[in-house]
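> next one to model:
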Amino acid sequence: MVTVHHLSNSHSHVVLWLMEELGLSYELVQHRREANGRSPDSLRAIHPAAKSPTIEDNGIAMVESTGVLLYLLETYGEGRLRPAPGTADAMRFFQWLTYIEGSAKGPTLQFIRLAMGPADDATRTMVEQMAAAALGQIETALEGVETIVHSQFTAADIQLAFLEELLEGLGQIGNWPNMQAHLERMRRRDAYKRAEAKGGAVGLKQLFSGLAR
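Numbering: from 1, shown residues only. This is a model prediction of the structure:
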């Protein structure tokens, strides 16, 4: 059985959500952030990176959200939550699943660093332009559609929702109405609600409330 090490107010929500969408049994181990927001030693004892999400399966601990999602889909998904291999939609799926954590998340996280620094930081404009370029690609792809891969709900939507949670926590989601609407749709999914019931609310608004400007 897969063990999901869940860190409060963190990216590991996507793994709980995926497991719930797939209807898989799993062991849930809860970890709480330290007072300074850092990962606790209990998570570091599982994997030296002390990252979230972390899973254990086959006697091995694994980190990195995109890798974890793909491993779970390949091992337990039975073709669900992803397009058929070798199709145009499969190409779109892999593109967005990796783009979200690669090109789009980096500039988004820069907002956190800026929020902790002086309001007149000279890099603010550059970061905002980088984020606008990266996030604009997603915003355009969601125009007039329900999911990031237009033919179906996939694990890429799960990954995207957490990026949207980050934007919301930083007070930026209102700049991206298509992403905001996508997040609202995702929160209505039963599996999303079950994941929050078991692991707690994602809660990034509260986590970043003192940072967003």
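> the residue nearest the centre of the chain: what's it in contact with?
The residue lying closest to the centre of the chain (CA atoms, centre = their mean) is F162, at 3.2 Å. By CB atoms under 8 Å, 6 or more residues apart in numbering, the contact set of F162 is 11, 13-14, 65, 202. All C-beta spots, glycine's among them, are computed from the backbone N, C-alpha and C.
> any regions of the chain where pLDDT drops low?
For the chain, the stretches flagged by pLDDT under 70 are 111-112, 115-119, 206-213.
> would you map the helices across this protein?
Per DSSP state H, the chain carries helices over the ranges 13-22, 41-44, 65-76, 88-99, 105-115, 124-141, 155-169, 177-187, 190-199, 204-208.
> against A191, how distant is the residue nearest to the centre of the chain?
14 Å (CB to CB, to the nearest Å).
> circling back to that earlier point, any chance of the contacts of F162 in CSV, plus neighbour count and distance to A195?
Listed next are the contacts of F162 as CSV, based on neighbours: other CB atoms under 10 Å; distance: CB to CB, whole Å:
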residue, neighbour count, distance to A195
H11, 22, 12
H13, 28, 6
V14, 25, 8
S65, 23, 14
V202, 26, 9
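> closest one of those residues to S39?
Nearest to S39 among those, counting by CB to CB, is H11 at 11.3 Å.
> hang on, isn't that closest one packed against T66?
No - counting by CB atoms under 8 Å, H11 stays clear of T66, with 10.5 Å between them.
> if I look at Q129, how far off is T123?
10 Å.
> then D190?
42 Å.
> the two: who's more crowded?
Shown here are D190 and T123; by other CB atoms under 10 Å, T123 has more neighbours (12 against 9).
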